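# Below is the sequence, then the predicted model.
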Amino acid sequence: MSDPSDPRMPGLIVRALPVAVVDRDGQIRLAGGKDGGGIAGHVSDALVGQCLFDLVHPHDLVAVLDHFVDVRDNGV
């Protein structure tokens with residue numbers, strides 16, 4: 001089993017899980033899921049540099065933006 005204190009552990013977890021790290025503007029800076037085929041049908045490396053909101057269905061965009069702003073600005 002891997003040692004959780006290993007400094008490589010966060011990178012290994014992100015690589016394995018279908019998660020994305022975005023900046024304050026919604027730009028994808030790191031995309032995981034490489035070990036499982038990507039995220040929602042997208043190749044992980046192709047997501048890096050894209051805007052998260054460009055990938056959201058137009059009907060869901062307002063709700064996603066509202067939640068994103070709450071988390072970004074309030075940590076909620």
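Everything's here; your move. Numbers count the residues shown, from 1 in each chain.
# ok, the residue most central in space within the chain - contacts?
Central residue of the chain (CA atoms, centre = their mean): Ala20, 1.3 Å from the mean position. Residues near Ala20 by CB atoms under 8 Å, 6 or more residues apart in numbering: 28, 30-32, 39, 47, 52. C-beta: built from backbone N, CA, C; applies to glycine.
# The residues you listed in helices, which ones?
Among those, the members found in helices (DSSP state H) are Leu47.
# Pick out whichever of the contacts of Ala20 sits closest to Arg15.
Nearest to Arg15 among the contacts of Ala20: Gly32, at 5.6 Å, using CB to CB.
# The closest one: neighbour count?
Gly32: 21 surrounding residues under other CB atoms under 10 Å.
# Residues contacting the longest helix seen in the chain, please?
Secondary structure assigned by DSSP H gives helix 61-74 as the longest helix of the chain. By CB under 8 Å, 6+ apart, the surrounding residues in contact with helix 61-74 are 24, 26, 52-53, 56, 76.
# hmm, which of these are the buried ones?
Taking 16 or more other CB atoms under 10 Å as the criterion, what is buried in the contacts of helix 61-74 is 26, 52, 56.
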